[in-house]
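**Q** I need the structure of the sequence given here:
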Amino acid sequence: MRVLALFFGIASIGLAQNPSASVVGRIADPTGAVVPGVTVKITNLDTNLSQHGRSNETGDFTIPFLNPGRYTLEATAAGFRGFRQTEFTLAIDQALRIDIPLTLGAASETIEVKDTPPVLNTESAARGEITTHDEIAEMPLDGRNYSDLALLTHNSRRILPVRLTYAAFPKAHDPPRVPSIHAIIGFPRV
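**A** Residues are numbered from 1 along each chain as shown. This is a model prediction of the structure:
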């Protein structure tokens, strides 16, 4: 029973982790009316991989499961000029909002926006942090335990405290006491 509870506890923690980012937004025409069916293409500049999406009937679009990195965004629709958002950066667990204003014109014309979108995550209260290689190299890690780096993130804590008990040996000349495997796994000692 304990093993089952431990399994579901770890599984639920794993589902809460989201190492990817997403881009969301609303597409509108010059009058402010939403534009459904617009093709949105987002391209990772480091890998040159693209993902596509479409705006729904309310003009909203979402492109989820993007790896952190540098991206460009393009939006095209019949009867409107193309829209291009130049290089912007996505971080871990970020939901970046980019609202797209389309203007009337030929599809061969493109409006290029070079302004960087704000880093503030207005789509959710989730918070992600990145620790750079230089920060890790300069940190005095006690015992060089790399898993302690996770404790640097806001609101993180150890989930399962480690408790070791020692198996008793009947004679004083026996080898030193070693951790009991039952205590490490969590089963009661018999």
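
**Q** which residues of the chain fall in helices?
**A** According to DSSP state H, the chain carries its helices in the segments 2-16, 133-138, 181-185.

**Q** then the second one to PDB, C-alphas only?
**A** The reference is to helix 133-138. Presented in PDB, the C-alpha positions along helix 133-138 are these (Å, rounded to 0.1, in the frame of the first residue of the first chain):
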ATOM      1  CA  HIS A 133      26.300  27.600 -16.200                       C
ATOM      2  CA  ASP A 134      28.400  30.400 -14.700                       C
ATOM      3  CA  GLU A 135      26.200  30.700 -11.600                       C
ATOM      4  CA  ILE A 136      26.500  26.900 -11.100                       C
ATOM      5  CA  ALA A 137      30.300  27.000 -11.500                       C
ATOM      6  CA  GLU A 138      30.700  29.800  -8.900                       C
END
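
**Q** so what's the residue count around Phe88?
**A** If you count neighbours by other Cβ atoms under 10 Å, Phe88 ends up with 20. For glycine as for every other residue, the C-beta is placed from the backbone atoms N, C-alpha and C.

**Q** same question but for Ser22, I mixed them up
**A** With other Cβ under 10 Å as criterion, Ser22 counts 19.

**Q** show me the shaky parts of this protein.
**A** Along the chain, segments meeting pLDDT under 70 span 1-18, 107-130, 141-148, 152-190.

**Q** do that again at 80, thanks
**A** 1-19, 106-133, 135-190 (pLDDT under 80).

**Q** quick one: contacts for Thr47?
**A** Shown in contact with Thr47 (Cβ atoms under 8 Å, 6 or more residues apart in numbering): 67, 69.

**Q** likewise for Asn67?
**A** 20-21, 44, 47, 90.
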